[in-house]
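> Quick one: sequence and predicted model below, then my questions.
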Amino acid sequence: MSTVVTLELPDNVYQPLVKVAEKTGKPLEEWILVQLQAHMPRVALPERERAEAMARLMRHAGAVNLGHPTGVDNESIDVDLTREYVSTHEGEP
């Protein structure tokens, strides 16, 4: 559902908005809509919807298996980081 809103803008507001929208390659109406959506206050989900969303998210927890255990072993982490820092990644996909 959508609602049409007619807004009267003075030229000193309208002209700069047109220029900014043109620079982004978007029609003015679309650019204004994006800006309004970016500045809307967040609406908290009702508790039931929040719990359902969390349950859907948690179904993915642990879904990736690297084939070897991982943890907080700093030495192996340092080795992995060093290998990546010195790698040129040439010839790798």
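Yep, it's here.
> Sticking with the residue lying closest to residue 28 once chain neighbours are set aside, tell me its helix or strand.
Spatial nearest neighbour of residue 28, excluding adjacent residues (CB to CB, 6 or more residues apart in numbering): residue 21 at 4.4 Å. For glycine as for every other residue, the C-beta is placed from the backbone atoms N, C-alpha and C. Secondary structure from DSSP states H and E places residue 21 in helix 11-24.
> May I see the buried residues of that helix?
residue 21 (16 or more other CB atoms under 10 Å).
> All the helices of the chain, residue numbers only.
Here the chain has its helices, by DSSP state H, at 11-24, 28-38, 47-58, 74-86.
> The shortest one - contacts with which helices or strands?
Counting contacts by 3 or more CB pairs under 8 Å, 6 or more residues apart in numbering; DSSP states H and E, helix 28-38 packs against helix 11-24.
> rank the helices of the chain by mean pLDDT and give me the bottom one.
By mean pLDDT, the lowest-scoring of those turns out to be helix 74-86, with a mean of 87.
> List every C-alpha atom in that one, with coordinates, as PDB.
Extracted in PDB, the C-alpha atoms of helix 74-86 (Å, rounded to 0.1, in the frame of the first residue of the first chain):
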ATOM      1  CA  ASN A  74      45.900 -17.600  19.500                       C
ATOM      2  CA  GLU A  75      48.900 -19.400  18.000                       C
ATOM      3  CA  SER A  76      46.900 -20.900  15.200                       C
ATOM      4  CA  ILE A  77      45.100 -17.600  14.600                       C
ATOM      5  CA  ASP A  78      48.400 -15.800  14.300                       C
ATOM      6  CA  VAL A  79      49.600 -18.500  11.800                       C
ATOM      7  CA  ASP A  80      46.500 -18.000   9.700                       C
ATOM      8  CA  LEU A  81      46.800 -14.200   9.800                       C
ATOM      9  CA  THR A  82      50.500 -14.300   8.900                       C
ATOM     10  CA  ARG A  83      49.800 -16.600   6.000                       C
ATOM     11  CA  GLU A  84      47.200 -14.200   4.700                       C
ATOM     12  CA  TYR A  85      49.300 -11.100   5.200                       C
ATOM     13  CA  VAL A  86      52.300 -12.500   3.200                       C
END
